[in-house]
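Student: Any chance you could fold what I've pasted below:
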Amino acid sequence: MAGEFSGEVNGGGDNCMSVLRRLGREEILEVLADGFCQNCQSALQSRINSFINKKVSGLSVSNSKTTESSTEFWSIDASSSQTLSKSTSWGSAGTPESVYLGRQKGYIAHSSPSLVNSKQSSNNLDSNVLHDGPTIMNPPVDNELLEEQKEHLRFKQIGRQKDFLYLERIDGRPTNVLKGIELHTRVFDAEEQKKIVECVYNLQRMGQKGQLKERTYSEPRKWMRGKGRVTMQFGCCYNYAVDRNGNPPGILREEDVDPLPPLFKQMIKRMVRWHVLPPTCVPNSCIVNIYDEGDCIPPHIDHHDFLRPFCTVSFLTECNILFGTNLKILGPGEFEGPFSIPLPVGSVLILNGNGADIAKHCVPGVPSKRISITFRRMDNSKIPYNFTEDPELHGIKALGSTPPCKSPVQQNSYKNGRIITQSPVQQNSYENKRINTPQNAARSSDTSFLVAKEFPPLGISANKRRTR
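Tutor: Numbering: from 1, shown residues only. You can find the predicted model right below:
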């Protein structure tokens, strides 16, 4: 602690300034993290800009080539680009300061890839859309400090719920089958969500044009309600069921897919730095799911070719995910289970422990367009033969302090010393129905993987399916 003080602050601004001068850096950041009214925020922003401009104007000529103003520092040169492959280019896009200082709002889009103008910033995305950690350039010290302060402000605004509880009898013992489940909200704000969604649509267009590797992109024919969501795999090709070549479920080590896009690597860095994912299990693969209205993911447990924990990030539309050891399939896109968790846009759901290995999970038919990105780390013994580790994902360090755990929505509660759990929940595309049947409160253990018919093999395009 940099300064010592006691008692409450009374009087005018002189006393406040006296206290502020005696506070340490971390204490000042904590004071700032509680937010301000609109007028105070505008005044603070104006003072910050004036301070930066004054510092920039006083820099020596030797530093002039790497100097940027406050606004420029948070933007990216639109002419710069990075390549996914020799035939695939990634541009860049500016990110306004509201990404860090504005209120969190969800990004909602109703456009499909064909409706997004190819000249828009969906084609101008690179790895610096998310400004986390030290920059590659060598900015003035004051700008670097400002960046770190903004990151800490955002870091402290994350909502974290880790106390999910639902008891089922496993091997004769009451077991919390949700142990290891975490929900982190406001990890990606509205502006960042927009850039990520545009990036996904851009990748979808590339897949439709054959610009991605064959097993990266899959768009099966929608042969019935709930089936046919678009998927894109990066890092590895995962087979959900025995395919037409006789390959069993799991990672196909002989198959090649495209590497993680630069923006996805920035998402991984964000989640590790902000204590959402542990630095001991940094993802090196992901799968993107693009849902149309009514599309779903049937009950399953993720294959153990992937380590725990893994996570899912949600975009466009909030939906519910069901958990339980015995999830019932009621019809196309309709499932029933004992516990439901809403997934807000911009949130990250962590699956670990019992929540990943004992309880199954599923996503009922969604009410409207939705995108999810699931990040996972491959078991070293299952890594594809031609896979190359990305040095950019090595040595990611988490920020120094973890914000307190927040539980704004208590899914289960204690009353008079007893655990009160939710009733089973029946989900379909448009509504949640509470079912108050006591016989559904406990389920037997069943950790088997989903049967083959529920997950068609990936890597088969819609055109190939039509010609068969």
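
Student: Can you pull out the low-pLDDT segments for this structure?
Tutor: Within the chain, the stretches with pLDDT under 70 are 1-15, 33-34, 52-129, 131-145, 223-224, 226, 401-468.

Student: need the helices for it, in chain order.
Tutor: 13-22, 25-32, 38-57, 70-73, 98-101, 141-156, 190-208, 262-273, 353-357, 462-467 (DSSP state H).

Student: can you redo those helices as TSV with distance to E214 and mean neighbour count?
Tutor: For every residue, glycine as well, the C-beta is placed using N, CA and C. Shown next, in TSV, are those (distance: least, CB to CB, whole Å; neighbours: other CB atoms under 10 Å):
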stretch	distance to E214	mean neighbour count
helix 13-22	60	11
helix 25-32	49	14
helix 38-57	49	12
helix 70-73	41	16
helix 98-101	36	18
helix 141-156	39	17
helix 190-208	10	22
helix 262-273	20	23
helix 353-357	30	20
helix 462-467	10	11
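
Student: wait, which of the ones you listed is closest to F387?
Tutor: Nearest to F387 among those is helix 262-273 (14.9 Å), distances taken as CB to CB.

Student: elements contacting that closest one?
Tutor: Contacts defined by 3 or more CB pairs under 8 Å, 6 or more residues apart in numbering; DSSP states H and E place helix 262-273 against helix 190-208, strand 370-376.

Student: Need the contact partners of the shortest one.
Tutor: So the one you mean is strand 370-376. Residues from elsewhere that reach strand 370-376, judged by CB atoms under 8 Å, 6 or more residues apart in numbering: 196-197, 200, 264, 267-268, 271, 277, 283, 285-291, 295, 302, 306-307, 310-317, 319, 363.

Student: picking that back up, for the helices and strands packed on helix 262-273, which one sits closest to K328?
Tutor: When the helices and strands packed on helix 262-273 are compared by CB to CB, strand 370-376 sits nearest K328, at 22.3 Å.

Student: how far off helix 262-273 does the closest one point, in degrees?
Tutor: If you take axes from the mean of the first three to the mean of the last three CA atoms, to 10 degrees, strand 370-376 sits at 60 degrees to helix 262-273.

Student: Show me the strands paired with strand 370-376, marking each as parallel or antiparallel.
Tutor: Neighbouring strands of strand 370-376 in its sheet, by DSSP bridges, are strand 285-291 (antiparallel), strand 310-315 (antiparallel).

Student: Adding mean neighbour count, write the ones you listed out as a markdown table.
Tutor: A markdown table is the format used below for the strands paired with strand 370-376 (neighbours: other CB atoms under 10 Å):
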| stretch | mean neighbour count |
| --- | --- |
| strand 285-291 | 23 |
| strand 310-315 | 24 |
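
Student: Compile the ones you listed into TSV and extend it with columns for distance to G331.
Tutor: Converted to TSV, the strands paired with strand 370-376 look like this (distance: least, CB to CB, whole Å):
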stretch	distance to G331
strand 285-291	17
strand 310-315	24
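
Student: out of these, which comes closest to V31?
Tutor: strand 310-315 (30.7 Å).

Student: contact partners of the closest one?
Tutor: In contact with strand 310-315 (CB under 8 Å, 6+ apart) are residues 107, 187-188, 193, 196-197, 200, 267, 271, 276-277, 283, 302, 343-352, 356, 370-377.

Student: Restricting to C-alpha, output it in CSV.
Tutor: Below are the C-alpha coordinates for strand 310-315, written out as CSV (Å, rounded to 0.1, in the frame of the first residue of the first chain):
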residue,chain,number,x,y,z
PHE,A,310,-13.0,-25.7,-22.5
CYS,A,311,-15.3,-22.8,-23.2
THR,A,312,-18.1,-21.5,-25.5
VAL,A,313,-18.5,-17.8,-26.4
SER,A,314,-22.0,-16.6,-27.5
PHE,A,315,-23.1,-14.0,-30.1
